[in-house]
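Student: make a model of this:
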Amino acid sequence: MKRTILALLSITTLSISFACERRGAVSSGDGTGTILVGYYGDLSGRTSSFGQSTKNGIEMAADEINKAGGINGRQVQIITEDDQGEPNKAATVVSKLINQDKVQAILGEVASSNSLAAAPKAQEAKVPMISPSSTNPAVTQVGDYIFRVCFIDPFQGEVMAKFAANNLKAKRAAILYDFNADYSRGLYQFFKRSFTQMGGQIVSEQSYTQGDRDFSGQLTAIRSASPDVIYVPGYYGEVGVIANQTKQLGIKAPLLGGDGCDAPQLWQLGGAALNGDYISNHYSVDDPSPAIQKFVADYKARYKALPDALAALGYDSMKVLADAIKRAGGTESAKLRDAIAQTADFIGVTGAITIDADRNAKKPAVVLKLQDSKFVYETTIYPEGMTPPATGAESAPSPAAPTDSGSPQSAPASAGSSASPTK
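Tutor: Numbers count the residues shown, from 1 in each chain. A predicted model of the protein is given here:
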């Protein structure tokens, strides 16, 4: 009996010891063997276009890295999990990637709500996580192992407010946002703050829930308020429908959206009703930069489609991770975390990426006009501390001293450029 009790105690002790070790430092850091990278995203839910594009970009980058000899001689293996676009499932699949698959780093998600649900799992286990495109500021505030390679909502909301006021000369704006999405609520708040600070007036604030298909009540109220522009910081599945219903109600004000609209399905849902609307985004396929044009050509040859911003950000997230692993000399958790945090002026497809003290990427945004099923480049807007590069290569802006006003600055639009989002 004593031997049985001692044996059980021994097993329990070993189990607790293993669990603590997993939470403390997941990678052996010995610099040998395959590098396991987990990717989680929506591959079958309402935002599956985002998840698939991101997956495509990550896998293309990993294949390029492996064909070039790997990272310090080690090959990369991507282990993919579908979270179906649901926060609780995002947390579950990330736990699986960490505890069962033993990944040494994680890439994902797109939707901020899903990243916020999963990030605590990575933080607790001390597995570095890089979100390609979650823009809500709270994502990286989860902890010091959580990073992103995209700009954040305070900047994106400000970009569209300034574009509305300065470029479109709008004085009155209405807002129609997704009440249950962290992404949409964040953009709504930052757009409102910036637009009103510039002297603009918010004449109507309406909300909906993802999955809704009838927006006539909200749009009728907006029509009565006579706005110059309507800010709709939602995802493509609803924005395309909203565009149609806006035109059906005779509303002439253009819709302004965010990067959540960048998907081929937007055109399938909205069609010609989207003409004359605008979105903020991370890059343009029309950028003449040789690096961007090579990426676009390689992606098109591989997937028979033009890469959207999600594909470009997925690609950049894998390349940033690879660069950090190389500089860290391996995948030991703390060293890899520090190397990611020290990323500076990494030239990615979506711009020059520098990770700041809050683990966010400081970079410019582009504004695209929606016209005839194309995303037409309109302008590039830079955050404080960045000015347009002398060569006009938007993909790699040069740091500069802050302007006196501290306002984002716009580069002039290029004439006649366009990008077809066809699959």
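
Student: wait, isn't Tyr382 in contact with Pro364?
Tutor: Yes. At 4.6 Å, Tyr382 counts as touching Pro364 under the criterion of Cβ atoms under 8 Å. Heads up, the C-betas are built off the backbone N, CA and C, glycines and all.

Student: and those two? Which one has more around it.
Tutor: Pro364 (28 against 25; other Cβ atoms under 10 Å).

Student: right, and that one touches Thr379 too?
Tutor: No. Pro364 is beyond contact range of Thr379, at 10.1 Å (criterion: Cβ under 8 Å).

Student: what are the ranges of the helices in the stretch 101-250 of the chain?
Tutor: Using DSSP state H, counting those that start in this stretch, the helices of the stretch 101-250 of the chain run over residues 112-125, 153-162, 182-197, 216-225, 236-248.

Student: nearest to Thr350, out of these?
Tutor: Nearest of the helices of the stretch 101-250 of the chain to Thr350, taken as Cβ to Cβ: helix 153-162 at 13.0 Å.

Student: mind giving me the packing neighbours of the closest one?
Tutor: Applying 3 or more Cβ pairs under 8 Å, 6 or more residues apart in numbering; DSSP states H and E, one finds that helix 153-162 contacts helix 182-197, strand 277-281, strand 365-371.

Student: most neighbours per residue, which of those?
Tutor: Of these, the one with the most neighbours on average (mean count of other Cβ atoms under 10 Å) is strand 277-281, at a mean of 26.

Student: which parts of the very next helix or strand once past that one are buried?
Tutor: Toward the C-terminus, strand 277-281 is succeeded by helix 290-303 as the next helix or strand (DSSP states H and E). For helix 290-303, the neighbour count (16 or more other Cβ atoms under 10 Å) marks 292, 295-296, 299, 303 as buried.

Student: just stretch 262-270 next, same as before
Tutor: Neighbour counts using 16+ other Cβ under 10 Å place 262-267, 269-270 of stretch 262-270 among the buried residues.

Student: got the contact list for it?
Tutor: The contact list for stretch 262-270, computed with Cβ atoms under 8 Å, 6 or more residues apart in numbering, reads 49-50, 53, 236-237, 239-241, 243-244, 274, 279, 281, 305, 308-310, 373, 375, 421-423.

Student: buried ones in stretch 92-107?
Tutor: 92-94, 97-98, 103-107.

Student: could you do stretch 236-254 as well?
Tutor: Buried residues in stretch 236-254 (16+ other Cβ under 10 Å): 236-247, 251, 253-254.

Student: check stretch 378-386 too.
Tutor: Quick answer for stretch 378-386 (16+ other Cβ under 10 Å): 378-384, 386.

Student: distance to Gln84 and mean pLDDT for the helices of the stretch 101-250 of the chain - can I get that in JSON lines?
Tutor: Below are the helices of the stretch 101-250 of the chain laid out as JSON lines (distance: least, Cβ to Cβ, whole Å; pLDDT from 0 to 100):
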{"stretch": "helix 112-125", "distance to Gln84": "10", "mean pLDDT": "97"}
{"stretch": "helix 153-162", "distance to Gln84": "24", "mean pLDDT": "94"}
{"stretch": "helix 182-197", "distance to Gln84": "17", "mean pLDDT": "95"}
{"stretch": "helix 216-225", "distance to Gln84": "27", "mean pLDDT": "98"}
{"stretch": "helix 236-248", "distance to Gln84": "14", "mean pLDDT": "97"}
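
Student: for these, which one sits closest to Ala328?
Tutor: helix 112-125 (16.9 Å).

Student: please save the CA atoms from that closest one in PDB.
Tutor: Output of helix 112-125 as PDB, limited to C-alpha atoms (Å, rounded to 0.1, in the frame of the first residue of the first chain):
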ATOM      1  CA  SER A 112      -8.900  41.200 -32.700                       C
ATOM      2  CA  SER A 113     -11.600  39.400 -30.600                       C
ATOM      3  CA  ASN A 114     -10.000  36.100 -31.500                       C
ATOM      4  CA  SER A 115      -6.500  37.300 -30.800                       C
ATOM      5  CA  LEU A 116      -7.600  38.700 -27.400                       C
ATOM      6  CA  ALA A 117      -9.100  35.300 -26.500                       C
ATOM      7  CA  ALA A 118      -6.000  33.300 -27.500                       C
ATOM      8  CA  ALA A 119      -3.100  35.700 -26.500                       C
ATOM      9  CA  PRO A 120      -3.400  34.900 -22.800                       C
ATOM     10  CA  LYS A 121      -2.600  31.200 -23.600                       C
ATOM     11  CA  ALA A 122       0.600  32.200 -25.400                       C
ATOM     12  CA  GLN A 123       1.600  34.600 -22.800                       C
ATOM     13  CA  GLU A 124       1.100  32.100 -19.900                       C
ATOM     14  CA  ALA A 125       3.200  29.500 -21.800                       C
END
